[in-house]
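**Student:** Quick one, what's the 3D model for this:
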Amino acid sequence: MLETSKMKIRFILLSLLLFVLVSSQTSVSAVGKPADVGSSSSRPAITGGPVQNRLTEGKLRACQAREKTIQQRINHLVELVTRMESKFDDIAKRTEDFYTAKVVPRGKTVANYDALVADIQTKKTAVQAAPGKPQTVLVAMAMLLKVN
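**Tutor:** Alright, predicted model coming up:
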C-alpha cells in the first residue's frame, strides 16, 4: 500500500512536470505589435477641418471665461482695498472728532495723543505712496492679461 501511494505521487508529479514543459514550449505567435496599428484604415485622422476649428473655438471661449473671472477678481480686490482705506480714514476722523469734542472738554487728555495721530498720518501716506500698492499691482496684472 505504501508503494502504491508512492507510485501515485510520482505519477502526479510527472504529470505536472510534463504539463509545465509542454505549456512552456508552446510558442506564442502574437509577440510584438501588428504592423497596421494607428493606420488610417482603423480610425479617421483629425485634420484641420471643422473638428479642429471647434477645438480652437472651445479653447478660446474657455480662455475668455477665465480672463473674465480674473478681471472680476481684480476689480473686486481694488474695490475692497479702496473701501478699507476709506473705512480706516473714517475711523481715524471720528476718533479725532470724539477726542477733541468729548474728551478734551472734560479735562482729560492722552499723553501721547499727538504722536499717535502723527503715526497714523505717517502710515497713511506710506500706504498711499507704496510702490507695491495693491491697486497699482492689480492694474498692472490686468494690463498683462490684456497684452497676452
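
**Student:** CA atoms for contacts and neighbours, from now on please.
**Tutor:** OK.

**Student:** Secondary structure class of A111, three-state.
**Tutor:** Using DSSP: H, G, I helix; E, B strand; the rest coil, the structure places A111 in coil.

**Student:** what's the neighbour count on it?
**Tutor:** By the criterion of other C-alpha atoms under 10 Å, A111 has 8 neighbours.

**Student:** Check I74 too.
**Tutor:** Using other C-alpha under 10 Å, the number of residues around I74 comes to 19.

**Student:** State the distance from it to M84.
**Tutor:** Separation of I74 from M84 (C-alpha to C-alpha, to the nearest Å) stands at 15 Å.

**Student:** And P105, by the same measure?
**Tutor:** 31 Å.

**Student:** same check, this time on R106
**Tutor:** Remark: distance between R106 and M84 (C-alpha to C-alpha) = 32 Å.

**Student:** out of these two, which sits in the busier spot?
**Tutor:** Per other C-alpha under 10 Å, whichever of R106 and M84 has more neighbours is M84, with 12 against 9.

**Student:** Just the mean pLDDT for the host helix or strand of the more buried one, thanks.
**Tutor:** Using DSSP states H and E, M84 falls within helix 50-98. Mean per-residue pLDDT for helix 50-98: 87.

**Student:** next helix or strand past that helix?
**Tutor:** The helix or strand immediately downstream of helix 50-98 is helix 113-128, counting by DSSP H and E.

**Student:** Next, the angle from that next one to helix 50-98.
**Tutor:** If you take axes from the mean of the first three to the mean of the last three C-alpha atoms, to 10 degrees, helix 113-128 sits at 160 degrees to helix 50-98.

**Student:** As PDB, could you dump the C-alpha coordinates of helix 113-128?
**Tutor:** The C-alpha coordinates for helix 113-128 follow below in PDB (Å, rounded to 0.1, in the frame of the first residue of the first chain):
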ATOM      1  CA  TYR A 113      -2.100 111.700  21.500                       C
ATOM      2  CA  ASP A 114      -0.200 113.900  19.100                       C
ATOM      3  CA  ALA A 115       2.400 111.200  18.500                       C
ATOM      4  CA  LEU A 116      -0.400 108.700  17.800                       C
ATOM      5  CA  VAL A 117      -2.100 111.000  15.300                       C
ATOM      6  CA  ALA A 118       1.200 111.700  13.600                       C
ATOM      7  CA  ASP A 119       1.900 107.900  13.400                       C
ATOM      8  CA  ILE A 120      -1.500 107.300  11.800                       C
ATOM      9  CA  GLN A 121      -0.800 110.100   9.200                       C
ATOM     10  CA  THR A 122       2.700 108.700   8.500                       C
ATOM     11  CA  LYS A 123       1.400 105.200   7.900                       C
ATOM     12  CA  LYS A 124      -1.400 106.500   5.800                       C
ATOM     13  CA  THR A 125       1.000 108.400   3.500                       C
ATOM     14  CA  ALA A 126       3.300 105.400   3.400                       C
ATOM     15  CA  VAL A 127       0.400 103.200   2.200                       C
ATOM     16  CA  GLN A 128      -0.700 105.700  -0.400                       C
END
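
**Student:** Fine by me, we can end here.
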